[in-house]
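In: Here is a sequence together with a model predicted from it:
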Amino acid sequence: MALCFLVTIFAVLSAALAISVSIPKEVYEVARGDNVTIPCSFKSTVVLSQIKAMSVHWARLAKNPEDPASKILDYYYPANELDINAKYEGRVGFVSKPETGDVSIYISKVTLEDNGFVECAVNIAKDKDGVNTRATNLLVLVAPSTPLCSLEGKAEYGQDIRLKCVSEEGSPPPVYKWTNYDVQNTLRPDPPKSKQENGMMTLVNVSMDTSGFFICTSSNKIRSASCNITVAVMPPSMNIGLTVGIIGGGVAALVVIVIAVYCCCCRNTEPPEEYEMEVPGEDYDPKPKPLKNTEEYYDEKNESRHNGVTYYDDDGEEENERSRPPMIPPNKPMHMGHTDS
C-alpha cells in the first residue's frame, strides 16, 4: 500500500518537472481568405527567466504519415532568429514573445493549401522529458463549387445507368444528395434498387417510369450548390428504327443521284439528222462553156464536170483524170420521200 502511494507521488512529481506543450482545441475552423490564430503554450521545469536556449518549430503535417512535414516557421532564442517558409512569408507570425511561454501564431489570408494538421514543437535546453509537441487540425472552409452532373450508360429499357455529381472545390468535402421528379414535375422516392454513394446514383433495370428530372445538391458547412439532369428512357427499338431510317434515307438519296446522272447522260442520245449530197445548181458555179463535139463543159479555171462531179485538169493531162480531190458541194438535210428530179 505504501509502495503504491510512493509510486504515485513520484509520477506526479515527474510530470510536474517535465516540459508540457498544449493546444486547447483539436480543430480550428476558418473561412478561406480570413485570418486565424492557433494558440499554443508550454510549461517547463526551467524557469523562463533562466532559459538559456530554446527553439520553436511550427509545421504543416503531410497527409501521408510517411512524407515529411512542411515547415511553417522556426524560431531560435536568445538569437531571436525567425525563419519563415516562403509560402507563408508576410502571412504568419507570433502573437507574443515565445520566451514568455506563449508560442501561438497567426495566419492571415488563409488559402485552401493551409488546410490540414499543423504541429507546434518546443525544445528547451536541459528539459527533454515530457511531451514537447502538440498538433491540431486547421480546417479551411470553402463553399462547394457548382457541381457537374453527367450520365453514364445507355438510357434504354432494362439497362443500368449511373448519374454522377462532382464539385471541384469544397472544404470540408461536400456531401451529395440526389432527389428526383417525375415527368409531371412531382417529387417522388428513389426508383427501386437504386443506390447513392459519394455523389453517384445507380439506377438498375430502368424503364419508362424511371424517366424524369434528377437534381444533385452538393453541400458543406458553408453553403450548397446544385446541378440537374433529365433522364429519358427509350426502348431499344427506337434506336434501331432511327438507324434504319438513316440508312434508308441514304439509299434513297443515292437512287436520286443515279437517276439524275442517267438522265443527264442519256438526254442527247437521239441519232443526228442525216444529210444528203446536193448537186450544185447553176447559182453555185459560173456558167460553163461548151466544148466541141462533147457533152463536157469547162470553166475558166480549166475545170471539167461529168454528171455533177467536178474534176480538175493538170497541165494537159486527160480531162477525166482526177488529179485533185473532188470539191464537196454544200449539204442539206435529207427529207423522207425525196426523189431525184
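Out: Sure, I can see it. Just so you know, these numbers come straight off a predicted model, no measurement behind them. Numbers count the residues shown, from 1 in each chain.

In: Look up how far residue 56 lies from the closest residue to residue 221 other than its chain neighbours.
Out: Nearest non-adjacent residue to residue 221, counting by C-beta to C-beta, 6 or more residues apart in numbering: residue 141, 5.9 Å away. For glycine as for every other residue, the C-beta is placed from the backbone atoms N, C-alpha and C. For residue 141, the distance to residue 56 (C-beta to C-beta, to the nearest Å) stands at 27 Å.

In: what about the two, which has more around it?
Out: residue 56 (23 against 19; other C-beta atoms under 10 Å).

In: which non-adjacent residue is nearest that one?
Out: Nearest non-adjacent residue to residue 56 (C-beta to C-beta, 6+ apart): residue 75, at 4.3 Å.

In: tell me, how many neighbours does the one you found end up with?
Out: The number of residues near residue 75, taken as other C-beta under 10 Å, comes to 22.

In: Ok, residue 233 next?
Out: 19.

In: What separation do you get for it and residue 181?
Out: The separation that residue 233 has from residue 181, given C-beta to C-beta, amounts to 15 Å.

In: swap in residue 113?
Out: 40 Å.

In: Which one's more surrounded, these two?
Out: residue 181 (14 against 10).

In: Quick one: residues contacting the more buried one.
Out: By C-beta atoms under 8 Å, 6 or more residues apart in numbering, residue 181 lies in contact with 187, 188, 212, 213, 214, 215.

In: does residue 216 really touch residue 174, like I thought?
Out: No: counting by C-beta atoms under 8 Å, residue 216 does not reach residue 174; the two are 10.4 Å apart.

In: shared neighbours, the two?
Out: residue 147.

In: Name only those of the contacts of residue 181 that count as buried.
Out: The neighbour count (16 or more other C-beta atoms under 10 Å) marks 212, 213, 214, 215 as buried among those.

In: What is the most widely separated pair among those?
Out: Of all pairs drawn from these, the widest gap by C-beta to C-beta lies between 212 and 215 and measures 10.2 Å.

In: Which residues are in contact with each of the two?
Out: 180, 181.

In: re the thing from before, checking my notes, the residue nearest to residue 56 in a strand, right?
Out: Yes: under DSSP: H, G, I helix; E, B strand; the rest coil, residue 75 falls within a strand.

In: which intervals of the protein have sub-threshold pLDDT?
Out: Residue ranges of the chain with pLDDT under 70: 1-17, 237-253, 255-256, 258, 260-341.

In: domains of it?
Out: Taking automatic domain parsing as the reference, the chain has its domains at 18-141, 148-236, 275-341.

In: Of all the ones you listed, which one comes closest to residue 257?
Out: domain 148-236 (32.2 Å).

In: can you give me the end-to-end distance of the closest one?
Out: One end of domain 148-236 sits 28 Å from the other (C-alpha to C-alpha, to the nearest Å).

In: and what of stretch 157-172?
Out: 39 Å.

In: So what touches the helix or strand where residue 117 lies?
Out: Secondary structure assigned from DSSP states H and E places residue 117 in strand 116-124. Identification of contacts with strand 116-124 by C-beta under 8 Å, 6+ apart yields 19, 21, 23, 38, 40, 42, 44, 46, 51, 53-61, 63, 69, 72, 103, 132-138.

In: Please list only the buried members of the residues you listed.
Out: 19, 21, 23, 38, 40, 42, 44, 51, 54-61, 69, 72, 103, 132, 134, 136, 138.
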